[in-house]
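S.K.: A predicted structure for the sequence below; I have some questions about it.
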Amino acid sequence: MFAFAFPPLDPILLSIGPIHVRWYALAYLAGFVLGIWLCKKLAALSPNGPSAKDYDDFLTWAVLGTVLGGRLGYVLFYQFDYYLQAPLEALQIWHGGMSFHGGMLGVIAAAYFFARSRKLRFFAFTDILACVTPIGLGLGRLANFVNGELFGRVTDVPWAVIFPRGGDLPRHPSQLYEASLEGVLLFAFMMAYVRIPQLRSKAGVLSGLFLSEYAAFRFVAEFFREPDAQLGFLLAGTTMGQLLCLPMFLAGLAIIAWAMTRKPQEVTPHD
């Protein structure tokens, strides 16, 4: 059976004494910086909506929402029993363990309170955030591949990879599948949608499209990804990632349906 050996990739880009600069951290940093930069560009498409400065000021909120929500989500969704016995270890985020769904909820909460403090329409604000989120998703999945983590299930496809942490069996490079679906393809879709005035004028449509399409892409990718060892397969052979995507998909559809019934002038954000 043919398979590629995992390339000699070092998760650490640079070490200065005890300080290690990791690709994973750089992926987060690049995702935030590029995301906010693009938010400011997209804000110009709706001059009566949230401003470029609003997104500049939101950066710190976004970082806190992502990190705190991502960690809390991982603790609750993936290793609750373990951290219930060792609660202090839940604070040790440098040991790894982040959940996208938790991070998303953290950013949504941060966006809600930020928009309220600025008297911005919530969905007008999150629509632009939704358009840039795939940047961080794609970079994060590439960093997962560099780390040799979150690899796929055993397979005999000709592009299978033998991951050091996955034993001697060839596996799907599912991190690259997710980077392509959740990163590149979803980003292309969102960039196309945001250029359509009819969609952009109805606040909430872009947010709903992101939620539903990410959920669909992630649900498909989970069929190739090895489930978390501590959880394994769950209801009807699904994974935790798939179960978390179901309410996300339905919420996205509900938001789209609600937003499409609104008149454009009723949802156009104010200064």
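M.R.: The structure has been received and is ready for your questions.

S.K.: CA only for contacts and neighbour counts going forward, please
M.R.: Noted.

S.K.: you'd agree A52 is up against A43?
M.R.: Yes. Look at A52 against A43 with Cα atoms under 8 Å: they come within range, at 5.9 Å.

S.K.: mind listing the helices for the protein?
M.R.: Taking DSSP state H as the test, the helices found in the chain are 23-43, 52-77, 80-85, 100-118, 122-147, 174-178, 186-194, 197-200, 205-221, 240-260, 264-267.

S.K.: how about those, which one is nearest G17?
M.R.: Of all these, helix 23-43 sits nearest to G17, with 17.1 Å by Cα to Cα.

S.K.: Compute the inter-axis angle for the closest one and helix 52-77.
M.R.: Here the directions of helix 23-43 and helix 52-77 differ by 140 degrees (axes from the mean of the first three to the mean of the last three Cα atoms, to 10 degrees).

S.K.: Dump helix 23-43 to CSV, restricted to CA.
M.R.: Extracted C-alpha coordinates of helix 23-43, given in CSV (Å, rounded to 0.1, in the frame of the first residue of the first chain):
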residue,chain,number,x,y,z
TRP,A,23,3.5,28.0,13.5
TYR,A,24,0.1,27.4,15.2
ALA,A,25,0.4,30.7,17.1
LEU,A,26,1.5,32.5,13.9
ALA,A,27,-1.6,31.1,12.2
TYR,A,28,-3.8,32.6,14.8
LEU,A,29,-1.9,35.9,14.6
ALA,A,30,-2.1,36.1,10.8
GLY,A,31,-5.8,35.2,10.9
PHE,A,32,-6.6,38.1,13.2
VAL,A,33,-4.4,40.6,11.4
LEU,A,34,-5.5,39.7,7.9
GLY,A,35,-9.1,39.3,9.0
ILE,A,36,-9.3,42.8,10.6
TRP,A,37,-7.5,44.3,7.6
LEU,A,38,-10.1,42.8,5.2
CYS,A,39,-13.0,43.8,7.5
LYS,A,40,-11.9,47.4,7.1
LYS,A,41,-11.8,47.0,3.4
LEU,A,42,-15.3,45.4,3.2
ALA,A,43,-16.7,48.1,5.6
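
S.K.: Show me what it is packed up against.
M.R.: Secondary-structure packing of helix 23-43 (3 or more Cα pairs under 8 Å, 6 or more residues apart in numbering; DSSP states H and E): helix 52-77, helix 122-147.

S.K.: Turn those into TSV, columns for distance to L231 and mean pLDDT.
M.R.: Converted to TSV, those look like this (distance: least, Cα to Cα, whole Å; pLDDT from 0 to 100):
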stretch	distance to L231	mean pLDDT
helix 52-77	10	91
helix 122-147	19	96
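
S.K.: Can you add distance to I16 and give those back as JSON lines?
M.R.: As requested, the helices and strands packed on helix 23-43 are exported to JSON lines (distance: least, Cα to Cα, whole Å):
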{"stretch": "helix 52-77", "distance to I16": "24"}
{"stretch": "helix 122-147", "distance to I16": "20"}
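
S.K.: of all these, which gets the most neighbours per residue?
M.R.: Ranked by mean neighbour count under mean count of other Cα atoms under 10 Å, the helices and strands packed on helix 23-43 are led by helix 122-147, which reaches a mean of 23.

S.K.: what packs against that one?
M.R.: helix 23-43, helix 100-118, helix 174-178, helix 186-194, helix 205-221.
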